[in-house]
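K.L.:
Return atomic coordinates for the entry below.
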Amino acid sequence: MAQQASSVSLNNTAVVDAKPLRTLTPMFPAPLGLHTFTPQNSPSFVCVTPFGPYAGGTELGIPAGVPPMFAAAAAPADPSQRQTHAVNMNGVAHANGTASNNLVTPSLQTPVSAATQESAKRKRGRPKRVPDTTVPSAPSVPPAPMIPPAPSLPLVPSVPSAPQERNDVVFLTPSSATGQESGKRKRGRPKRLQDVPVLSTPSVPQADSTPVLKTLPAPTVHESGTRKRGRPRRVQDSSGTSTPPIQSKDSDPTFQTPPAATSSEGGKRKRGRPRRVPDGSVTPSSHSGLSIDDDIADATKSGRPKKIDTKLLQLPSLSSDDPRQSAENVLMMFDALRRRLMQLDEVKQNAKQQQNLKAGSIMINAELRVNKNKRIGEVPGVEVGDMFYFRIEICLVGLNSQSMAGIDYMSAKFGNEEHPVAISVVSAGVYDNTEDDPDVLVYTGQGMSGKDDQKLERGNLALERSLHRGNPIRVIRSVRDLTCPTGKIYIYDGLYKIKEAWVEKGKSGFNVFKHKLLREPGQPDGIAVWKKTEKWRENPSSRDHVLSRDISCGVESNPVCLVNEVDDEKGPSPFTYATKLNYGNSLSSMRKMQGCKCTSVCLPGDNNCSCTHRNAGDLPYSASGILVSRMPMLYECNDSCTCTHNCRNRVVQKGTQIHFEVFKTGDRGWGLRSWDPIRAGTFICEYAGEIIEKSSVNGEDDYIFETPPLEQNLKWNYAPELLGEPSLSDSNETPKQLPIIISAKRTGNVARFMNHSCSPNVFWQPVLYDHGDEGYPHIAFFAIKHIPPMTELTYDYGQSQGNIQLGTISGCRKSKNCLCWSRKCRGSFG
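P.N.:
Modelled structure (predicted):
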């Protein structure tokens, strides 16, 4: 019956109003052994329309013995006249052996790759309308004899296309939908795909036009079988490779897709627009992982910050003759900037920002860093035992340029040969390292993916070369930060050398590289000090050379140990231990402070908090109690405030939380140090004692505190110019000279044991919380910088005006020779 229908004219009244494009149904699979990548004369499958099986452009017919269902249109007999750019996927020629007509079927075409053509942005929304003039056309083909068409059915255009008067929508159908798609397609709107401009060729005019179904290239081997409906998947830019852009140098950045982005993609990607990748961006191949300049540039959403002219900033000189001072200035500026950014983000309630990365980006952009060039061995300005709270701090001082990867390396010449050698490693606890011995480190190579063996490349190759070359390697170890559950503290532990290396099975079952590093002798203690103090905190009785377990007699929250490892002296002169300032009878006559009306605690950005207004519009402490900026006077919440005792603006009045040790120095009497690491901005202690009048000062009293007439100019606060804020005068940071004089000779606390230094690590800050008399505040001490355990705590006693003869009294303190031995020693103090 199907053969008769092919030679008899159709009755218009008997024709069903069917839609040709909606009845394309695969009927017969390709012959055995053939697929879409076989030569063009091999059909993939046969499609049947209301007019019968159509040719579609190949010269093969229906398999023998299979009768057609309807009259079909035949393809050109000459295969050489087929399209040049179109690859037919599903048609067969001469399906029924009858003469062909001009009712040619829609062609399924595969355009060229979209990656080589696309150059403009795609807006989100419905698929882009593309005129079918973009369909490649072939030279004209003489029309074949036709069977009279049914008047009620639309004509289907032939393969060669012509410019159309109307703009028809082109639905792009992936080739995977025909031969590779697995699973069912849900009903609804068509799948969104990017429009693919196709090369155009000379075309032949045509009577009518209908939507053309195009077939995109088959997905790569990295692509998953099915794609969910919705927005296009965002693809991460690969850190190791980049796709060269096709557009010119003056063209806009394009959205580029790395070669294997889908296969290496870990976890779910958030919905949204694809990441913009600037053209020509290539990750330096000389680094393992992300270097400081790679990932810090992405810390801010708006890109790199605006260039800053550091000459206009009132900043400490980084080109100092003292490398140590330059490194400390960089770290001080970074942490001050980070604290300020954290303070601003708390007001905005923006908790997702990483202030350390943003501050690092600003510092690098302003070229506020030292030791930019890589080197083997020691780094100027960095000492063994220095501690860091962020990897970016390690980068800013040039200790290790990798902000994420652990192995830093460089190319070095040894004679006439040049090899990559490791210069620094960070043991951050990510890999299975062995760190029980403070002088031995068993370091695991990089690349622990859990899916494959580690490869001898990049950092692993550099470690292998360093084993044979014997060059020293800087080692940075890490410990857990007790003040933050997820935090780490990094300690520079000095120079090591690799003694042996081997390969073993890791916990994941794959081979990993192991390297045994031995610490070079003759260096100061690094991680060994941390291991000792950790044991002492857990068991204070394990500390040797102890004269008293607690000189505070339980007054402090933690015992204050008294130690003498120098001579036979049994302790300092007797005194009464007290933690508060003794105002005598004058406290009752002092005016009271006004309190805030906060219901629970004072919150950042609360304009109704009077304590916030008194502190220049910001709460002075972070949520963890770190001082953000030094100020002429700090106002804490007081007894008149309605906020609770847990308010963040109550720090000094709660007392110290540090494990102190009073110890005998070699030439400066008794000193003070801590078993705990102290972060910059941490409250250390208050200067406790008795308030005395200047007329009653005894010249032999060595435990006097008075505000120095000429304190060393300390730039501890952030530079507002780095954030685009107007510069501030020094009066906004340095406290003014106050009339208060405190004597801790008879009554005092650990503060009385703090010695003077011309390069101090502690500064004093006036604080009010129990009265409102600004001339007699509490004197609180805060950390200038990060202070490792067992480091002596010192502050600057100040220098008298003019050339005062040693031994004479200027003010309330006798002038003495300075024995701080710092590089900036003034020779005397007092």
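
K.L.:
contacts and neighbour counts: CA atoms only from here.
P.N.:
Noted.

K.L.:
Tell me the buried residues in stretch 525-537?
P.N.:
By 16 or more other C-alpha atoms under 10 Å, the buried positions in stretch 525-537 come out as Gly526, Ile527, Val529, Trp530, Thr533, Trp536, Arg537.

K.L.:
what do you get for stretch 571-582?
P.N.:
Buried residues in stretch 571-582, defined by neighbour count with 16+ other C-alpha under 10 Å: Gly571, Tyr577, Ala578, Thr579, Lys580, Leu581, Asn582.

K.L.:
ok, the closest residue to Gln653 other than its chain neighbours - contacts?
P.N.:
Leaving aside its chain neighbours, Gln653 sits nearest to Tyr769 (7.3 Å; criterion: C-alpha to C-alpha, 6 or more residues apart in numbering). With contact taken as C-alpha atoms under 8 Å, 6 or more residues apart in numbering, Tyr769 is in contact with Met593, Tyr635, Glu636, Cys637, Asn638, Gln653.

K.L.:
And the average pLDDT for the longest strand along the chain is what?
P.N.:
The single longest strand within the chain, with elements called by DSSP state E, is strand 488-505. The average pLDDT for strand 488-505 rounds to 95.

K.L.:
partners of it, with directions?
P.N.:
strand 387-388 (antiparallel), strand 473-480 (antiparallel), strand 511-519 (antiparallel) (DSSP bridges).

K.L.:
so which of the ones you listed comes closest to Asp773?
P.N.:
Asp773 sits nearest to strand 387-388 of all the strands paired with strand 488-505, at 38.7 Å, using C-alpha to C-alpha.

K.L.:
Can you name the element that comes right after that closest one?
P.N.:
Downstream of strand 387-388, the first helix or strand assigned by DSSP states H and E is helix 391-396.

K.L.:
after that next one, next one along is what?
P.N.:
strand 407-414.

K.L.:
Tell me the helices and strands packed up against that following strand.
P.N.:
Contacts defined by 3 or more C-alpha pairs under 8 Å, 6 or more residues apart in numbering; DSSP states H and E place strand 407-414 against strand 417-426, helix 459-469.

K.L.:
May I have the strands that pair with it, each with its orientation?
P.N.:
If you go by DSSP bridges, strand 407-414 pairs up with strand 417-426 (antiparallel).

K.L.:
ok, residues contacting the helix or strand just after the partner strand?
P.N.:
As assigned by DSSP H and E, the chain's next helix or strand after strand 417-426 is strand 440-444. With contacts defined as C-alpha under 8 Å, 6+ apart, strand 440-444 is touched by 427, 431-435, 512-519.

K.L.:
Could you work out the most separated pair of those residues?
P.N.:
Longest span within the contacts of strand 440-444, C-alpha to C-alpha: Val512 and Arg519, 22.5 Å.

K.L.:
Which one's more surrounded, those two?
P.N.:
A count of neighbours by other C-alpha atoms under 10 Å puts Val512 above the other of Val512 and Arg519, at 24 against 20.

K.L.:
Surely Leu627 touches Tyr621?
P.N.:
Yes - contact criterion C-alpha atoms under 8 Å: Leu627 and Tyr621 qualify, at 4.6 Å.

K.L.:
May I see the buried residues of stretch 361-373?
P.N.:
By 16+ other C-alpha under 10 Å, the buried positions in stretch 361-373 come out as Ser361, Ile362, Met363, Ile364, Asn365, Ala366, Glu367, Leu368, Arg369, Val370, Asn371.

K.L.:
what about that stretch, how long is it end to end?
P.N.:
One end of stretch 361-373 sits 18 Å from the other (C-alpha to C-alpha, to the nearest Å).

K.L.:
Among the buried residues of stretch 571-582, name the ones in strands.
P.N.:
Assigned to strands by DSSP E, the following of those qualify: Tyr577, Leu581, Asn582.

K.L.:
beta partners of the first one?
P.N.:
Okay, so that is Tyr577. So, taking DSSP bridges as the rule, Tyr577 has Gly748 as bridge partners.

K.L.:
so it sits right up against Ser552, yeah?
P.N.:
Yes - using C-alpha under 8 Å, Tyr577 is in contact with Ser552, at 5.8 Å.

K.L.:
one step back: closest to Leu337 out of the ones in strands among the buried residues of stretch 571-582?
P.N.:
Distances from Leu337 to these, taken by C-alpha to C-alpha, are shortest for Leu581, at 32.7 Å.

K.L.:
Now do the contacts for the closest residue to the closest one other than its chain neighbours.
P.N.:
Excluding its sequence neighbours, the residue lying closest to Leu581 (C-alpha to C-alpha, 6+ apart) is Ala688, at 4.7 Å. Counting by C-alpha under 8 Å, 6+ apart, Ala688 makes contact with Ala578, Thr579, Lys580, Leu581, Asn582, Ile742, Ala744, Thr747, Gly748, Asn749, Ala751, Arg752.

K.L.:
Please apply the same query to Arg339.
P.N.:
Applying C-alpha under 8 Å, 6+ apart, we find Arg339 in contact with Gln355, Ser622, Val628.

K.L.:
same thing with Glu346?
P.N.:
Pro604, Gly605.

K.L.:
same check, this time on Val479
P.N.:
By C-alpha under 8 Å, 6+ apart, Val479 lies in contact with Lys488, Ile489, Tyr490, Ile491.

K.L.:
any chance of the buried residues of stretch 571-582 in CSV, with distance to Cys611 and pLDDT too?
P.N.:
Listed next are the buried residues of stretch 571-582 as CSV, based on distance: C-alpha to C-alpha, whole Å; pLDDT from 0 to 100:
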residue, distance to Cys611, pLDDT
Gly571, 43, 93
Tyr577, 32, 97
Ala578, 28, 95
Thr579, 25, 94
Lys580, 22, 90
Leu581, 22, 92
Asn582, 25, 91
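
K.L.:
List just the nearest of these to Leu396.
P.N.:
Nearest to Leu396 among those, with distances taken as C-alpha to C-alpha, is Thr579, at 38.9 Å.

K.L.:
Mind listing residues that contact stretch 507-517?
P.N.:
Here stretch 507-517 makes contact (C-alpha under 8 Å, 6+ apart) with 440-445, 448, 450-454, 460, 463, 496-506.

K.L.:
same deal with stretch 654-663?
P.N.:
With contacts defined as C-alpha under 8 Å, 6+ apart, stretch 654-663 is touched by 537, 556-565, 579, 670-676, 683-686, 750, 753.

K.L.:
Now a ChimeraX select for only the buried ones of those residues.
P.N.:
The ChimeraX command for the buried members of these (criterion: 16+ other C-alpha under 10 Å) is given here:
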select :537,556,559,560,561,562,563,564,579,670,671,672,673,674,675,676,683,684,685,686,750,753
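
K.L.:
how about the strands in the stretch 601-750 of the chain?
P.N.:
Under the criterion DSSP state E, counting those that start in this stretch, the stretch 601-750 of the chain contains strands at 634-635, 660-664, 670-674, 683-686, 689-691, 704-706, 741-743, 747-748.

K.L.:
So what touches the third one?
P.N.:
What it means is strand 670-674. 572, 658-665, 750-751, 753-755, 789-794.

K.L.:
Please apply the same query to the last one.
P.N.:
Contacts of strand 747-748 with the rest of the structure, by C-alpha under 8 Å, 6+ apart, involve Phe575, Thr576, Tyr577, Ala578, Thr579, Tyr687, Ala688, Gly689, Glu690.

K.L.:
now swap in the first one and tell me
P.N.:
The contact list for strand 634-635, computed with C-alpha under 8 Å, 6+ apart, reads Cys611, Arg614, Asn615, Pro620, Gln765, Pro766, Val767, Leu768, Tyr769.

K.L.:
hmm, try it at 6 Å
P.N.:
Val767, Leu768 (C-alpha atoms under 6 Å, 6 or more residues apart in numbering).

K.L.:
Partner strands of it, with direction?
P.N.:
Applying DSSP bridges, strand 634-635 is found paired with strand 762-768 (parallel).
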